[in-house]
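Asks: need a 3D model of the sequence below.
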Amino acid sequence: MLHADAKMRAVRTTVRLDDDLYREVKARAAREGRTVASVLEDAVRVGMHRPADAETKPFVNVPFGRGGLMPGVDLSNNSALSDLLDEDTPLEQLR
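Replies: Here you go, the predicted structure:
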């Protein structure tokens, strides 16, 4: 548990969660011998204390291996990538 201050004032509230997420939280609480509320409190604390710059860093895809990208492949164009993957060209020919 991140905070174990017995004098901390608690507020009762209602939160709507996706069913799958709730099942994950409930399973973690059972594994760790904790309440669902304490697992949720810790998760909210971690999310609230995350550095703001962690949210704004863009993902950069760096190709690696031999030869890099095929000529004409644009990784920023999902539609073109999907079309390329849907072609009947065997993978070995694309290398």
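
Asks: in this structure, which ranges drop under the pLDDT threshold?
Replies: Filtered on pLDDT under 70, the chain yields the residue ranges 1-7, 53-55, 63, 89-95.

Asks: show me where it has its helices.
Replies: Here the chain has its helices, by DSSP state H, at 19-32, 36-48, 53-56, 78-86, 91-94.

Asks: can you lay out those as a markdown table showing distance to residue 8 and mean neighbour count?
Replies: Where you see a C-beta, it was placed from the backbone N, CA and C, and this is true even at glycine. Output for the helices of the chain, formatted as a markdown table (distance: least, C-beta to C-beta, whole Å; neighbours: other C-beta atoms under 10 Å):
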| stretch | distance to residue 8 | mean neighbour count |
| --- | --- | --- |
| helix 19-32 | 19 | 12 |
| helix 36-48 | 10 | 13 |
| helix 53-56 | 26 | 7 |
| helix 78-86 | 46 | 11 |
| helix 91-94 | 57 | 8 |
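
Asks: will you turn these into CSV that also has distance to residue 62?
Replies: Formatted as CSV, the helices of the chain follow (distance: least, C-beta to C-beta, whole Å):
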stretch, distance to residue 62
helix 19-32, 32
helix 36-48, 28
helix 53-56, 19
helix 78-86, 17
helix 91-94, 20
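
Asks: nearest to residue 13, of those?
Replies: Nearest to residue 13, of all those, is helix 36-48, at 10.3 Å by C-beta to C-beta.

Asks: elements contacting that closest one?
Replies: helix 19-32 (3 or more C-beta pairs under 8 Å, 6 or more residues apart in numbering; DSSP states H and E).

Asks: angle of the helix it packs on against helix 36-48?
Replies: 110 degrees (axes from the mean of the first three to the mean of the last three C-alpha atoms, to 10 degrees).

Asks: quick one: list the elements packing against helix 19-32.
Replies: Applying 3+ C-beta pairs under 8 Å, 6+ apart, one finds that helix 19-32 contacts helix 36-48.
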